[in-house]
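A.B. asks: next one to model:
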Amino acid sequence: MSEAREFLPLNLAVLTVSDSRTEANDSSGLALVNGLSEAGHQLHDKKIVPDDIYRIRAIVSQWIADPAVHAVISTGGTGVTGRDGTPEAITPLLDKVLDGFGEVFRMISYQDIKSSTVQSRALAGVANGTYIFCLPGSSGACRTAWENLIKDQLDFRTRPCNLVQLMPRLLEK
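C.D. replies: Okay, here's the model as predicted:
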């Protein structure tokens, strides 16, 4: 029998990428904040930024440079329109890409939105020892990703393995 693990609360930052969302109508960001809070994590910071790759990259760069931030979750800007640039903003910052995240997210999403899931460019990776998850802008997609993927991977108690147990080794050379 393996030994029991205690929950380790993390500091998470949430970024909503949108030209139209405000704190008053940011249902996707709110869904993520509620999910992480209910799970026992701490909200380190939350921001809303327009769909501009350099502004997105600037905020996320600040967070990944801050050793107090363990993970960043963004919502929005992962589609295919001309203004959707979150993957282009984040990918150059990543030290490693977690390819399985996008693959599994789209597989799970297929159950709800069928072939529309091919329009999602959701992704995840690690930058400077900080996990980054980039989700679509719908609150449903954020709940799907949080409930089915992120919540368990950011819980040290999850077996057989989770992303939290790897955190001490992320910056190894």
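A.B. asks: how many neighbours does Tyr54 have?
C.D. replies: For Tyr54, the tally of surrounding residues (other C-beta atoms under 10 Å) stands at 8. Placement of C-beta: from N, CA and C, glycine included.
A.B. asks: next, work out how far apart it and His44 are.
C.D. replies: From Tyr54 across to His44, the span is 22 Å (C-beta to C-beta, to the nearest Å).
A.B. asks: over to Gly137?
C.D. replies: 21 Å.
A.B. asks: settle it for me: which of these two has more neighbours?
C.D. replies: Comparing Gly137 with His44 by other C-beta under 10 Å, the one with more neighbours is Gly137, at 24 against 18.
A.B. asks: where does that one land in three-state SS?
C.D. replies: When classified by DSSP: H, G, I helix; E, B strand; the rest coil, Gly137 comes out as coil.
A.B. asks: looks like it contacts Gly76 (just checking).
C.D. replies: Yes - under the criterion of C-beta atoms under 8 Å, Gly137 makes contact with Gly76 at 3.5 Å.
A.B. asks: quick one: contacts of stretch 85-98?
C.D. replies: 17, 51-54, 56-57, 60-61, 64, 74, 76-78, 121, 123-128, 132, 134 (C-beta atoms under 8 Å, 6 or more residues apart in numbering).
A.B. asks: contacting residues for Asp19?
C.D. replies: Pro50, Asp51, Arg83.
A.B. asks: out of these, who has the most neighbours?
C.D. replies: Of the contacts of Asp19, with other C-beta under 10 Å as the count, Asp51 tops at 21 neighbours.
A.B. asks: and Thr78, how many neighbours?
C.D. replies: Neighbour number of Thr78 under other C-beta under 10 Å is 24.
A.B. asks: er, Phe101 I mean
C.D. replies: Neighbour number of Phe101 under other C-beta under 10 Å is 23.
A.B. asks: can you check Val33 too?
C.D. replies: 18.
A.B. asks: and it, what helix or strand is that in?
C.D. replies: helix 27-39 (DSSP states H and E).
A.B. asks: and the helix or strand just after that helix, which strands flank it?
C.D. replies: Remark: after helix 27-39, the chain's next helix or strand is strand 42-49, criterion DSSP H and E. Here strand 42-49 is paired, per DSSP bridges, with strand 11-17 (parallel).
A.B. asks: quick one: the partner strand to helix 27-39, angle?
C.D. replies: 170 degrees (axes from the mean of the first three to the mean of the last three C-alpha atoms, to 10 degrees).
A.B. asks: skipping its backbone neighbours, what lies nearest Ala124 in space?
C.D. replies: Among residues not flanking Ala124 along the chain, Phe101 sits closest, at 3.6 Å (C-beta to C-beta, 6 or more residues apart in numbering).
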